[in-house]
Each structure stands twice: as C-alpha cells, then as structure tokens.
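Trainee: Output the structure for:
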Amino acid sequence: MPARPLHFVRSVPASGSTNVSRAIKTITLFFDKNVVNDAVWANNRTKIRMFRGSTRVAITVTRIRDTVDFSQRRKIFVHPVSRLRANTRYTIVISPNLKSKAGDTLGKTVRIHFTTGSNGIIPTE
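Mentor: All right, here's what the predicted structure looks like:
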C-alpha cells in the first residue's frame, strides 16, 4: 500500500486572516504527520520562507522536539525577527520538499497569506 502524502492542515493566524497584530511573535503551522523529528528537522527548518510582497522577511523557524513533547510533533513555529509592518500583506511559503519523519513530502508549494492591521488582534490557537 503506497504511503499517504504529507499534508498541511492549517495555520495560526489562518490563511486569509486580516487585522493580525503587528506584535505577533509566532505563526504556527500544523501538519498531519511528524515534521520535527531529528531525522528530518535539518531539512524542514530550511523549507519555510516569509515574504512582504516580493521582499523576503527574516524569520527563525523552530520546533518543540518530539522526544520532549510528543503532542507537538506536527507543529512548526515561524518567528519574524522584526516587528511586522502595519496594514501589510505577508506570505509564508512552504516548499514541496518539506518532509515527514516517515519520508513523505508535501509534493506541492503551500502559501499562507495574512494581513496586519494598524494595531490588530493577536490570534490564538
């Protein structure tokens, strides 16, 4: 039986969100399989980028190791290095080569869009 591909499930803030707080410190990406295991983490942490228009935004990509907290194995955290700009559209791009612990890949590029407000709300899970 062939392996089931890896799937992106959702993000916080959700794709399409508006009035997101400029002070947001973490964007959480949820997947349907383990994407933080040591066997795939060196690959996966380089497969996520963030843009403001066509300008790349500096980010740090983190995880909670699955050996520390098994419930976190399907989450990747994106942290903008600088405060986001007001009333601006941001895009997070996830490479099709992002891989699960089982070796399954996304197989397609995933784009998540959100727009900040002048003050905005900080989204929660």
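Trainee: Where does pLDDT dip in the chain?
Mentor: Within the chain, the stretches with pLDDT under 70 are 1-3, 66-68, 120-125.
Trainee: Next, name the residue at the spatial heart of it.
Mentor: Centroid-nearest residue in the chain, with Cα atoms, centre = their mean: residue 29, separated by 3.8 Å.
Trainee: what is residue 91 paired to in the beta sheet?
Mentor: Judged by DSSP bridges, the bridge partners of residue 91 are residue 51, residue 113.
Trainee: So the residue nearest to the centre of the chain is in contact with residue 14, correct?
Mentor: No - in terms of Cβ atoms under 8 Å, residue 29 does not count as a neighbour of residue 14; the distance is 11.3 Å. Backbone N, C-alpha and C define where each C-beta goes, glycine included.
Trainee: Could you pull out the helices in this structure for me?
Mentor: Assignment of helices within the chain using DSSP state H yields the ranges 38-44.
Trainee: Tell me where it has strands.
Mentor: Taking DSSP state E as the criterion, the chain contains strands spanning 8-12, 17-20, 27-31, 48-52, 55-57, 59-62, 75-80, 89-94, 110-116.
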